[in-house]
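Peer 1: model this:
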Amino acid sequence: MRICVPTAGNSGLSEKVYDHFGSAPFYAIYDTSTKSVEFVENSEGDHQGGSCKSSKVMSKHKVDVVITSGMGKRAISLLNEIGIKVFLPDGETLEKAIKKFELNQLKELTYLDGCSGRDDREHHHLH
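Peer 2: Numbering: from 1, shown residues only. Sure thing, here's the model as predicted:
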């Protein structure tokens, strides 16, 4: 299984989880079978609400799960349509978020949990 988590940097498992998926500088892609992580630069980091190309990036990197604390309704729907589930992180680092996911301790996000756009000031923290 391949898990994608938005991060502020690309320094490894201790990297901080970024608060919003579409504007994250990097995506960490963790492979649960090999226990390896690769970082992909987010070329859409300055996206405007609704123009996020996350589903194409996730398909290209064969992601099964996304862990994020902020994502738009449209992005959640697009990911769900291609079979990718979205979960809310627990813990500030990539390592903690992945561990909680593997222990089945994360809440799944749905379309109803997503932010409605750039003007939605609550979209960064969906807890």
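Peer 1: Dump the helix or strand bottoming out on mean pLDDT in the chain to CSV, restricted to CA.
Peer 2: None of the helices or strands of the chain scores lower by mean pLDDT, DSSP states H and E than helix 54-60, at a mean of 79. C-alpha atoms of helix 54-60 as CSV (Å, rounded to 0.1, in the frame of the first residue of the first chain):
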residue,chain,number,x,y,z
SER,A,54,-4.2,16.0,-6.9
SER,A,55,-6.0,13.0,-8.5
LYS,A,56,-3.6,13.0,-11.5
VAL,A,57,-0.5,13.1,-9.2
MET,A,58,-1.9,10.4,-6.9
SER,A,59,-2.7,8.1,-9.9
LYS,A,60,0.8,8.6,-11.3
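Peer 1: Mind checking what helix or strand follows that helix in sequence?
Peer 2: Where DSSP states H and E defines the elements, the next helix or strand beyond helix 54-60 is strand 65-67.
Peer 1: Of all the residues in that next one, which ones are buried?
Peer 2: Buried residues in strand 65-67, counting neighbours by 16 or more other Cβ atoms under 10 Å, are found at V65, V66, I67. (C-beta placed from N, C-alpha, C; glycine too.)
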